[in-house]
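Undergrad: Show me the folded form of this:
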Amino acid sequence: METPLKDVRNIGIIAHIDAGKTTTTERILFYTGVIHKMGNIDDGNTTMDWMEQERERGITITAANITCSWKNKKINIIDTPGHVDFTIEVERSLKVLDGAVVVLCATSGVQPQTETVWRQADRYNVPRIAFINKMDRLGANFDRVIGEIHDRLGANAAAVFFPDAAEDKFKGIIDVVSQKYITYKDDEGSEMIIEEVPEQFKDKLKEYRHTLVERLADADDAIAEKFLEEKEIAVEDFQAAIRRAVIQNAFLPVLCGSSLRNRGVQLVLDAVCDYLPSPLDVPPVKGTDPSTKEMVTREPSAEAPLSALVFKIATDPYVGKLFYTRIYSGKIVSGTQIYNSTRQIRERISKVVIMHSHKQEIVPSIAAGEIVALVGLKESKTGDTLCDQDKRIILERMRVPEPVVSMSIEPKTKADQDKMGMTLKKFLDEDPSLRVEYDQETAQTIISGMGELHLDIVIDRMRREFNLETNIGRPQVAYKETITRKVMDVVGKFISQTGGRGQYGHVVINVEPAEERGKGVEFINKIKGGAIPREFIPAIEKGIREGTLNGVLGGYPVTDFVITLIDGSFHEVDSSELAFHLAARAALRDALQKGKSVFLEPIMDIEVAAPEEYMGSVLGDLNTRRAKIIHMGTRGKIKAARCEVPLAEMFNYVNALRSLTQGRASFTMEPAFYAEVPHSIAEKIIGARQDVVGKRG
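TA: Here you go, the predicted model:
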């Protein structure tokens, strides 16, 4: 029986690494009856971490999808990775979800990757609830974490539950809304005991309730009115107001518990059903009509024209490729044809399956509001839109982060060259944050990704899944180049006369640095009076964009500048697209040499947490790595330092940190921005690049 749309919840579990996402999801599956025995990350037997690499390393690598039911609500859950190297999994999950549960550690609080996933959720305007996990852990502090949510995430947050004590004394949970005290009958946490709030918590409850009303009044007029009139607020009014404010992204309800000790997880499920939106509560999806280029919307209804987004591709050893798809409107029926408007092709669906982690349940059809996997598509890629051919729409594509680490790769035997090419193509289909290119200067295949672990998993999967052994080069930083000064009236010409028809292209460009980092390359056409015919302009832009792939310093991509085409000339007979393409490339190369090109390097946002007695050594070591200290803080007996450090200085840092602190420190790292490389280091980069080219030559 199909679930009414108002009773569907599409949610993600998002967090910093090691906050307890997968453990929380495992408990959710147990309490909703999907599994009958709870797995444990340390034992490597959790439902959602099904890949061998995930079970060995104790981390989530790929976002896993599963469906469960709670209080007559159907919940589609995506458990996402916390490690920054797999941030694309979070990005594409949030793109298609209606709500999210943000899990925070009661000891560590808001960490760098928490901020990253929060910003990703902001980008897609995803309503959220927060679950402060690990209340039983040493150093747990509920109020401090709520303070960090305010200060570091800028959220309008308030507790809807608060804990009875913390660390090893953590016993029960107090419900601020219904004013009840909750404990558990057994260790499994299956049966809750709900009682009146003990006398010793009444004052504290009053404080939390006042804060909740105050924060909610900022987001909801009905509560604001009652707050000003000092009226008593009924539980139903409270819950309705929280739901309205959450859906508008104006309020963050905060829950607490310990997933590992089976405390507080049912309350998270209740909050998902009560406060997070159904597909009917979020705005209708918007897209572009490819024929008119006008904005169109699709209502979340099975009767509306089809609109669906392929947000992920995975390879299954038994059924081949699985195309994970969010259906925003309309209906998909197994065995029928649909239209891929992004690639302008028809595709046939052989099977529609609902995913339960890596297991599949075949269904005959699926309608709006659901997340499923399709089997049988041939040409579709991540980010493509599926729709009705006579009601076309192209949905907005997701943002793909830029890779920061590269390494060379080659098969151990020449016979495996083709096999490696086909294997890498499969990985590229699955993972948009992975890049593969062939470096002409060094005659090497280069793979680029989000970090060392990301590339390490790719190499490991090649060996395990495809029996392909490879030799890899040392990880390299993905440097970029940019110009530092404006260059005016740069001329590019390509003139060739070799008998018969010649070639003639002539362009004049201005080049200037972008106003801020991260803007990429902007091309502006200011040709007037037909100095260059309109049909040659795309060839000029293509020539410039191709020219940006290899800079003049070390052959790294060029970025963050504005190029303006201001003049040129053409020949009635000899001008061609090729001639203008080559003239534009020549002009760009000349401009880069005159524009004082410099190297840019990725700067990482890193947070190191260590016992106080080791912090001096840790900071001393970071200073030798060109680190800039941004913030120092204390969490119980642990000191935390937040810094910005060039990625080039951070390779193999985990081993250095272990030896400095006897293994008692931890760190997290994520890409922040690109910055100019100091001159002395730039010379070393050029020297290293020339050595590689010389060896290959």
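Undergrad: in what helix or strand does the residue found closest to Leu260 once you drop the neighbours it is linked to in the chain lie?
TA: Spatial nearest neighbour of Leu260, chain neighbours left out: Thr23 (5.6 Å); criterion: C-beta to C-beta, 6 or more residues apart in numbering. All C-beta spots, glycine's among them, are computed from the backbone N, C-alpha and C. Per DSSP states H and E: Thr23 is located in helix 21-31.
Undergrad: then that helix to CSV, C-alphas only?
TA: Only the C-alpha atoms of helix 21-31 are listed here, as CSV (Å, rounded to 0.1, in the frame of the first residue of the first chain):
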residue,chain,number,x,y,z
LYS,A,21,25.8,8.7,13.0
THR,A,22,26.0,5.0,12.0
THR,A,23,25.4,3.8,15.6
THR,A,24,22.4,6.1,15.8
THR,A,25,21.0,4.8,12.5
GLU,A,26,21.6,1.2,13.7
ARG,A,27,19.5,1.9,16.8
ILE,A,28,16.8,3.5,14.6
LEU,A,29,16.6,0.4,12.5
PHE,A,30,16.4,-1.8,15.6
TYR,A,31,13.5,0.2,17.2
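Undergrad: packing partners for it?
TA: strand 8-15, strand 64-70, strand 73-79, strand 99-105, strand 128-133, helix 265-275 (3 or more C-beta pairs under 8 Å, 6 or more residues apart in numbering; DSSP states H and E).
Undergrad: Adding mean neighbour count, write the ones you listed out as CSV.
TA: Shown next, in CSV, are the helices and strands packed on helix 21-31 (neighbours: other C-beta atoms under 10 Å):
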stretch, mean neighbour count
strand 8-15, 26
strand 64-70, 21
strand 73-79, 24
strand 99-105, 25
strand 128-133, 28
helix 265-275, 21
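Undergrad: Relative to Leu622, which of those is closest?
TA: strand 99-105 (23.1 Å; C-beta to C-beta).
Undergrad: residue closest to the middle of this structure?
TA: Glu91 (2.8 Å; C-alpha atoms, centre = their mean).
Undergrad: what about that one, which SS state?
TA: Taken by DSSP: H, G, I helix; E, B strand; the rest coil, the conformation at Glu91 corresponds to helix.
Undergrad: Excluding its own residues, what touches stretch 216-235? List them.
TA: Stretch 216-235 is contacted by residues 156, 158, 177-178, 213-214, 237-238, 241-242, 244-245, 248, 250-251 when judged by C-beta atoms under 8 Å, 6 or more residues apart in numbering.
Undergrad: Just among those, which is most surrounded?
TA: Comparing these by number of neighbours (other C-beta atoms under 10 Å), Phe251 comes first, having 27 neighbours.
Undergrad: Give me the number of neighbouring residues for Gly383.
TA: Gly383 has 19 neighbouring residues, counting by other C-beta under 10 Å.
Undergrad: Worst mean pLDDT among the helices and strands packed on helix 21-31?
TA: Ranked by mean pLDDT, the helices and strands packed on helix 21-31 end with strand 64-70 in last place, scoring a mean of 83.
Undergrad: Okay, and the closest residue in space to Asp274 that isn't next to it in sequence sits in which element?
TA: Distances taken as C-beta to C-beta, 6+ apart put Gln239 closest to Asp274, at 5.7 Å, once the chain neighbours are dropped. Assessed by DSSP H and E, Gln239 sits inside helix 235-247.
Undergrad: Please name the residues that touch Ala304.
TA: Residues in contact with Ala304, defined by C-beta under 8 Å, 6+ apart, are Arg298, Ser329, Gly330, Ala368.
Undergrad: Kindly indicate which of those lies nearest Asp590.
TA: So of these, ranked by how close each gets to Asp590 (C-beta to C-beta), first place is Arg298, at 48.6 Å.
Undergrad: is the closest one in a bridge, and if so with what?
TA: With DSSP bridges as the criterion, Arg298 is bridged to Val285.
Undergrad: I figured it hits Thr288, correct?
TA: No: the criterion here is C-beta atoms under 8 Å, and Arg298 misses it with Thr288 at 11.9 Å.
Undergrad: Return every residue with contacts to both of the two.
TA: Here Arg298 and Thr288 have Ile393 as joint contacts, going by C-beta under 8 Å, 6+ apart.
Undergrad: higher neighbour count, the two?
TA: Each of Arg298 and Thr288 has its neighbours counted (other C-beta under 10 Å); Arg298 has more, 22 against 17.
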